[in-house]
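Visitor: Whatever this is, show me its structure:
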Amino acid sequence: MDTVIEKISEIESAAASIMNDANERKKAFAKEMEERTAAFDAKLEEETSKRIKDLQADMEISMNDRLEKQRRDSQRILEAMEQRYEEHHTQYVEELFNTMIKE
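Guide: Below you'll find the predicted structure:
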């Protein structure tokens with residue numbers, strides 16, 4: 001009877017040891033997964049940040065190009081208006097004067 005109790009005690013001890021080992025491995029696996037998840041999150045955050053910076057830089061370049069084109073177009077229009085005024089200002093004055101004296 002004592003040997004049966006000893007065997008049961010040994011089996012129970014072995015089972016407890018196996019359970020403890022399984023719990024330790026489970027904790028180690030959970031820690032490893034947590035570290036992998038943290039590394040993945042950090043890498044994803046870095047890649048996202050880089051893409052955002054790249055997109056911002058591209059958008060700024062595009063915006064600066066558009067602004068420069070608008071400046072050139074505005075300057076060209078202003079020069080054309082000034083040239084037209086220089087060429088026709090006498091005619092404009094005469095037309096204005098004639099319109100004013102008709103009334």
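Visitor: Just give the closest residue to residue 92, not the sequence neighbours.
Guide: residue 85 (7.6 Å; C-beta to C-beta, 6 or more residues apart in numbering). In short, each C-beta sits where N, CA and C put it, glycine included.
Visitor: distance of that neighbour from residue 23?
Guide: 91 Å (C-beta to C-beta, to the nearest Å).
Visitor: Point to the residue nearest the middle of the protein.
Guide: residue 52 (2.6 Å; C-alpha atoms, centre = their mean).
Visitor: tell me the SS of it?
Guide: helix (DSSP: H, G, I helix; E, B strand; the rest coil).
Visitor: and it, what is it in contact with?
Guide: Contact analysis of residue 52 by C-beta atoms under 8 Å, 6 or more residues apart in numbering lists nothing.
Visitor: can you tell me how far it sits from residue 58?
Guide: 11 Å.
Visitor: again, but for residue 96
Guide: As for residue 96, its distance to residue 58 is 51 Å (criterion: C-beta to C-beta).
Visitor: Noted, bye for now.
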